[in-house]
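Colleague: Okay, predicted coordinates and the sequence, questions at the end:
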Amino acid sequence: AQSVAQPEDQVNVAEGNPLTVKCTYSVSGNPYLFWYVQYPNRGLQFLLKYITGDNLVKGSYGFEAEFNKSQTSFHLKKPSALVSDSALYFCAVRGFSGGYQKVTFGIGTKLQVIP
Amino acid sequence: DAGVTQSPTHLIKTRGQQVTLRCSPKSGHDTVSWYQQALGQGPQFIFQYYEEEERQRGNFPDRFSGHQFPNYSSELNVNALLLGDSALYLCASSPGSTTSSPLHFGNGTRLTVT
């Protein structure tokens, strides 16, 4: 069975500092990995994905993520945090079951950027 | 280009009642997935519809059922509502022909069961 772990319920960072939101995964086969962001009372918005290729992927709003196969991790990063980055962040992994794709999400990490 | 739309936005029901939630996928998308997001939790996969059939199902009881129409829109039905069914229900669409495309989410339906 596929799974995603986000070990931190909340991450606090000062505005202008770099941020990291951690994610580890478990899936059979090659992993397709995603990060989404959720603002209050809204659906999830896609930030970036890793399918294959370069281990450092760049996405929306200046976010990037580093894929590490040996550590089965896919940490979200940003060099300089903005107050507007404060939101709920979800890591997700896509796998297959019975020939059809299935996406599993982590529990989410609340990012608080302090002015 | 309209994204994923869900209706209604909010809904209040009483225990034991039945509810139907609706979803229109993003233009060009033929696969619809439903997720339940309880307060403080991540989205939990309910089921996925493709070509008008349920293709995948998560760990949800048979009280949860769905349907997909020829125009790819979808409904989620929940029977015999329980207090624990109170949650944000999210619909997500994707083009079924590629596995690298991200899911596109609607803003959800907030269901409150009293």
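Modeller: Noted; the coordinates are in hand. Residues are numbered from 1 along each chain as shown, chains lettered A, B, ... in the order given.
Colleague: what's the distance between the residue of chain A most remote from its centre and chain B?
Modeller: For chain A, the largest distance from the centre (Cα atoms, centre = their mean) belongs to A:G98, which lies 25.8 Å off. A:G98 sits 7 Å away from chain B when distances are taken as Cβ to the nearest Cβ, to the nearest Å. For glycine as for every other residue, the C-beta is placed from the backbone atoms N, C-alpha and C.
Colleague: Would you mind listing what in chain A touches chain B?
Modeller: By Cβ under 8 Å from any Cβ of the partner chain, the residues of chain A that approach chain B are A:4, A:6, A:32, A:34, A:36, A:41-46, A:49, A:51, A:90, A:94, A:96-98, A:100-108.
Colleague: sorry, back to before: for the residue farthest from the centre of chain A, list the residues it contacts.
Modeller: B:55-56 (Cβ atoms under 8 Å, 6 or more residues apart in numbering or on different chains).
Colleague: mind checking pLDDT for it?
Modeller: In the predicted model, A:G98 carries a pLDDT score of 70.
Colleague: follow-up on the earlier one: which of the residues of chain A next to chain B are buried?
Modeller: Burial by neighbour count, judged by 16 or more other Cβ atoms under 10 Å in any protein chain shown, picks out A:4, A:6, A:32, A:34, A:36, A:42-46, A:49, A:90, A:94, A:101-108 from the residues of chain A next to chain B.
Colleague: Remind me what the helix or strand bottoming out on mean pLDDT in chain A packs against, helices and strands.
Modeller: When each helix and strand of chain A is scored by mean pLDDT, DSSP states H and E, strand A:100-105 comes last, with a mean of 86. In terms of contacts (3 or more Cβ pairs under 8 Å, 6 or more residues apart in numbering or on different chains; DSSP states H and E), strand A:100-105 is packed against strand A:3-5, strand A:87-97, strand B:44-50, strand B:53-57.
Colleague: Find the closest residue to chain A in chain B.
Modeller: For chain B, the residue closest to chain A is B:F105, as judged by Cβ to the nearest Cβ, at 3.4 Å.
Colleague: Show me where the chain dips below the pLDDT cut-off.
Modeller: With no chain named, the answer covers chain A. Low-confidence segments of chain A (pLDDT under 70): none present.
Colleague: let's do chain B instead
Modeller: B:1, B:97-99.
Colleague: can you pull the contacts of B:S86?
Modeller: Going by Cβ under 8 Å, 6+ apart, B:S86 touches B:38, B:111-113.
Colleague: ok, these vs B:F60, which is closest?
Modeller: For those, the closest approach to B:F60 (Cβ to Cβ) belongs to B:A38, at 12.3 Å.
Colleague: ok, that closest one - contacts?
Modeller: B:A38 neighbours (Cβ under 8 Å, 6+ apart): B:44, B:86-88.
Colleague: Distance of it relative to B:P25?
Modeller: Look at B:A38 and B:P25: by Cβ to Cβ, to the nearest Å, they are 24 Å apart.
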